[in-house]
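Chemist: Provided below are the primary sequence and the corresponding predicted coordinates.
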Amino acid sequence: MSLPKMQAHTTSCPKKANMDSISLLPSPLNTIVIENKRGEYKDFGLDANDPYPLKGVTYPVDYGYIPGYMGEDDAELDFFVGSDREGLSGSITVSRGKGNPDEHKFYIALTPEEREAILKEFAPVLLQHTPIESKEQLTEAISDFKTTNA
């Protein structure tokens, strides 16, 4: 089975998050590019008989990436962006199916309800959830994903 990258794509051009909460974050967190807006559905294009348990997802919050950081799927590092500037940060690790590496997806500025919605949406493939206490610790956690040209 060859899964498509779980990185979100839309037909319009991606845009930098327009939330004040993003612009006030320390670099590189203030460079998040949003690809899928809250409430958008992404179909992974899998056959109905494919054993992967998640055929698509409705994003409970904005979803995008940080340029210059690479995830385990060889695409930009994924980020969920919530609505609370002082909100929760952390990561989830998801299974991408047999023969594909597990993948980290980070989150920032989430309300408790937004975090629970993400955990529920990804429950069929969720391997781990790791809360992160501060923006500084989040910046440190993503440092392993920095590409050499960033």
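Modeler: Looks like it came in fine.
Chemist: Would you indicate which residues of the helix ranked longest in the chain are buried?
Modeler: Among the elements of the chain assigned as helix by DSSP state H, the one spanning the most residues is helix 112-121. For helix 112-121, the neighbour count (16 or more other C-beta atoms under 10 Å) marks 114-115, 117-118, 121 as buried. The C-beta positions use only the backbone N, C-alpha and C, and glycine is treated the same way.
Chemist: neighbouring contacts of that helix?
Modeler: With C-beta atoms under 8 Å, 6 or more residues apart in numbering as the test, helix 112-121 has contacts from 57-61, 80, 82-84, 87-88, 90, 92, 107, 110, 126, 129.
Chemist: rerun at 6 Å
Modeler: Contacting residues not belonging to helix 112-121 are listed as 57, 60-61, 80, 82, 88 [C-beta atoms under 6 Å, 6 or more residues apart in numbering].
Chemist: repeat for stretch 45-55
Modeler: Residues from elsewhere that reach stretch 45-55 (C-beta under 6 Å, 6+ apart): 4, 44, 97, 124-125.
Chemist: Show the buried residues in the residues you listed.
Modeler: Buried positions within the contacts of stretch 45-55, assessed by neighbour count (16+ other C-beta under 10 Å), are 97, 125.
Chemist: Give me the subset of the contacts of stretch 45-55 lying in strands.
Modeler: Under the assignment DSSP state E, the contacts of stretch 45-55 contribute nothing to strands.
Chemist: want to try CSV for the contacts of stretch 45-55, with distance to Ser134 and pLDDT as columns?
Modeler: As requested, the contacts of stretch 45-55 are arranged in CSV below (distance: C-beta to C-beta, whole Å; pLDDT from 0 to 100):
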residue, distance to Ser134, pLDDT
Pro4, 34, 42
Phe44, 33, 91
Gly97, 33, 87
Pro124, 30, 96
Val125, 27, 96
